[in-house]
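K.L.:
Got a predicted structure plus its sequence, pasted below:
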2 protein chains.
Amino acid sequence: MEVCTKCGNSKVIIKRKQSGQLLCKDCFIENIQKKVIKTIKKENLIEKGDKVLVALSGGKDSVALLDILYDLYKRRIIDLCAVTIDEGISGYRNDGVEIAKNHIKKLAIPHKVVSFKESFGLTLDEIMKNPNHRGSCTYCGVFRRWIINRVAREFNATKIATGHNLDDETQAILMNYLEGNIENLTKIGPKTVSKSKLFTPKIKPLREIPEKEIALYAIAKDLEVHFAGCPYAQTSFRGEISKIIKDLSENHPTIMYSTLRGFDKIKIAIKDKYKSEYKFEKCEICGEPSSNEICRACTFLKELE
Amino acid sequence: MEVCTKCGNSKVIIKRKQSGQLLCKDCFIENIQKKVIKTIKKENLIEKGDKVLVALSGGKDSVALLDILYDLYKRRIIDLCAVTIDEGISGYRNDGVEIAKNHIKKLAIPHKVVSFKESFGLTLDEIMKNPNHRGSCTYCGVFRRWIINRVAREFNATKIATGHNLDDETQAILMNYLEGNIENLTKIGPKTVSKSKLFTPKIKPLREIPEKEIALYAIAKDLEVHFAGCPYAQTSFRGEISKIIKDLSENHPTIMYSTLRGFDKIKIAIKDKYKSEYKFEKCEICGEPSSNEICRACTFLKELE
């Protein structure tokens, strides 16, 4: 009979192919929490007294992240707040927003729900009706970052935490290896810091946890999460790369870890050589930081007029 | 009607997806030759007066390489010689050796055919009968390099040229990215030079030419080549990666080029930081260079006794 490698409990919920480790529910939950704390310490992502803004979509990654960081909040190590973006995607986003609100109600931390509509006058659905649109993900990424960065300043947050997991990180690394995009590679990592004070540093505490273990964590902790996929997610290069990594992981269960470890070594070598440090000015229209006179969000909005 | 983008000839033999370029036979042949010369100049692979030893298996890559380098020989820019290894693989290797000999007969350059049997007392077939063998490719790689390096010194060659193509190079890069093997990555490149004078520098003039264009070059020039695959070639990690790159290239025809260009930039940054410079001594048994007291070839031979 298979029993938990740590405590001998017979109710095993995961067998880790890479190590042969078997874990019961309680040991698995503890193990994930410890791994995240280990990443936070190793990469110096959070310091005592930080005010962390969680980008909370209501999906498994951000809900698990909030759950784990909440423990640091209860122990008065950090202060915590959250932001949820309503992009305006009919039949999809409302559920996520409701789930986010439910979590916040239980945890009683400051929370803002900010919509594309109130920020930019347009929902993502309305943007996608424009025949000359640049693709949903392009707008979504730029507009979301714009809102999160602004809300971080409103909250006086000292860190923005996002739910990027090991799969997300490995995909980004491999995509940029294959595209030969060295400048983008220098931007990937556990922590993004800018010299500009207008930008709040971004951290990824879950970057060493595989996606399926985060899903299992959410189930094991009985967390309410939004599992539906975005209707605009399309056959993209990221989708192809995601499938390749998943297939390879079947026969090579440690491949995402080895890719990440290798990248982190490469990153040390390339960041001094290839990282371009933009000089940020305030966007002439919205006042947000921008490397050009007008920021990308305002540029897109002008195009869509 | 589709015509050659360069000369207007209507007999097009290739349409390059990545650029839309169409080429007739003569323009394609000239284009490949020019691309190889461009790589040689850019990477400073060969200098006037070099004596180049071609590792000639009789396969499409090494035969095309010999064909292109022979032009430099005819123009008295370089001296040329060749070595063919007979690993002792029944029903496979003889054809390659015969094809290599036929080419050499026409070109009238110095040539050695050296067998595993005469060098080590064992054919690869005999090695593979040992129940504790380490896998065919492990022996084949180590023993072939041992022979080629020794023959290079016997010929007083100043460069060893191998037929590695763009596919080979991209596979090696991607495998080591995924395995996180940074030390191996520092060794990949157009030219391998060692501080030890016992090693002759190795060059890869075909590293920017895709495998299928080398095959087409061999056909276009009506070169006799050995197209059969090695019977010991097995389902390997390289095989998986090869398939992934081929599949990706269907929708992203420039992906091997962008991977290579990106890697070459990364290489510049990592080589100083991570490259380990071995101190080579002479192997106590065979006298060939080795980073240990006994070289890998002699270690393997002892195991096989």
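P.N.:
In hand now; what should we look at?
K.L.:
Look at the residue in the stretch 101-250 of chain A positioned nearest to chain B and say how many residues are nearby.
P.N.:
Of all residues in the stretch 101-250 of chain A, residue A:180 sits closest to chain B, at 2.6 Å by Cβ to the nearest Cβ. Heads up, the C-betas are built off the backbone N, CA and C, glycines and all. Residue A:180 has 20 neighbours, counted by other Cβ atoms under 10 Å in any protein chain shown.
K.L.:
tell me the contacts of it?
P.N.:
By Cβ atoms under 8 Å, 6 or more residues apart in numbering or on different chains, residue A:180 lies in contact with B:257-263, B:265.
K.L.:
Recalculate using a threshold of 6 Å.
P.N.:
By Cβ atoms under 6 Å, 6 or more residues apart in numbering or on different chains, residue A:180 lies in contact with B:258, B:261-262.
K.L.:
For chain A, tell me which of the residues you listed show up nearby.
P.N.:
Residues of the contacts of residue A:180 in contact with chain A (Cβ under 6 Å from any Cβ of the partner chain): B:258, B:261-262.
K.L.:
Highest neighbour count among those?
P.N.:
The most crowded member of the ones next to chain A among the contacts of residue A:180, judged by other Cβ under 10 Å, is residue B:262 (21 neighbours).
K.L.:
Which helix or strand contains that residue?
P.N.:
helix B:255-274 (DSSP states H and E).
K.L.:
what lines up beside the following helix or strand past that helix in the sheet?
P.N.:
Counting by DSSP H and E, the next helix or strand C-terminal to helix B:255-274 is strand B:281-282. Paired neighbours of strand B:281-282 in the sheet (DSSP bridges): strand B:289-290 (antiparallel).
K.L.:
With pLDDT as new columns, can the contacts of residue A:180 be given to me in CSV?
P.N.:
Output for the contacts of residue A:180, formatted as CSV (pLDDT from 0 to 100):
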residue, pLDDT
B:258, 98
B:261, 98
B:262, 98
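K.L.:
quick one: secondary structure of residue A:117?
P.N.:
Three-state call for residue A:117 (DSSP: H, G, I helix; E, B strand; the rest coil): helix.
K.L.:
Next, the contact list for it, please.
P.N.:
By Cβ under 6 Å, 6+ apart, residue A:117 lies in contact with A:88, A:123.
K.L.:
at 8 Å instead, please
P.N.:
Contacts for residue A:117 (Cβ under 8 Å, 6+ apart) come out as A:86, A:88, A:123.
K.L.:
cool, residue A:280 as well?
P.N.:
A:194-196, A:198-199, A:289-291.
K.L.:
Just the pLDDT for residue A:234.
P.N.:
We have a pLDDT of 66 for residue A:234.
K.L.:
tell me what the top strand by length along chain A is packed against?
P.N.:
In chain A, with assignment by DSSP state E, the single longest strand is strand A:79-86. Applying 3 or more Cβ pairs under 8 Å, 6 or more residues apart in numbering or on different chains; DSSP states H and E, we find strand A:79-86 packed against strand A:51-55, helix A:60-74, helix A:93-107, strand A:111-115, helix A:116-120, helix A:136-154.
K.L.:
Could I get the buried residue list for the longest one?
P.N.:
By neighbour count, and taking 16 or more other Cβ atoms under 10 Å in any protein chain shown as the criterion, the buried residues in helix A:136-154 are A:136, A:139-140, A:142-152.
K.L.:
what's next to it, contact-wise?
P.N.:
With contact meaning Cβ under 8 Å, 6+ apart, helix A:136-154 is reached by A:53, A:55, A:83, A:85, A:87, A:112, A:114, A:116, A:119-120, A:124, A:127-128, A:133, A:157, A:160, A:198-200, A:232-234, A:236, A:286, A:288-289, A:295-297, A:300.
K.L.:
Among those residues, name the buried ones.
P.N.:
If you count burial by 16+ other Cβ under 10 Å, the buried members of those come out as A:53, A:55, A:83, A:85, A:87, A:114, A:116, A:119-120, A:124, A:127-128, A:157, A:160, A:198-200, A:232, A:286, A:288-289, A:295-297, A:300.
K.L.:
Rounded mean pLDDT for the longest strand of chain A, please.
P.N.:
Computed over strand A:79-86, the average pLDDT equals 98.
K.L.:
For that strand, which strands pair with it and how are they oriented?
P.N.:
strand A:51-55 (parallel), strand A:111-115 (parallel).
K.L.:
excluding its backbone neighbours, what's nearest the one residue in the stretch 201-305 of chain A that gets nearest to chain B?
P.N.:
Among the residues of the stretch 201-305 of chain A, residue A:262 lies closest to chain B, at 2.6 Å counting by Cβ to the nearest Cβ. Of all residues not flanking residue A:262 in the chain, residue B:180 sits nearest, at 2.6 Å (Cβ to Cβ, 6 or more residues apart in numbering or on different chains).
K.L.:
Show me which residues of the stretch 151-300 of chain A sit near chain B.
P.N.:
Counting by Cβ under 8 Å from any Cβ of the partner chain, the positions of the stretch 151-300 of chain A adjacent to chain B are A:174, A:176-182, A:185, A:237, A:240, A:244, A:248, A:251-252, A:255, A:257-263, A:265-266, A:268-270, A:272-274.
K.L.:
ok, residue A:204 - contacts?
P.N.:
A:45, A:161-164, A:169, A:189-191.
K.L.:
Over to residue A:165?
P.N.:
Applying Cβ under 8 Å, 6+ apart to residue A:165 gives the contacts A:61, A:206-207, A:209-211, A:214.
K.L.:
next one: residue A:208
P.N.:
Residue A:208 makes contact with A:35-36, A:39, A:166, A:257, A:260, according to Cβ under 8 Å, 6+ apart.
K.L.:
Stretch A:266-285 - what's its average pLDDT?
P.N.:
Average pLDDT, stretch A:266-285: 86.
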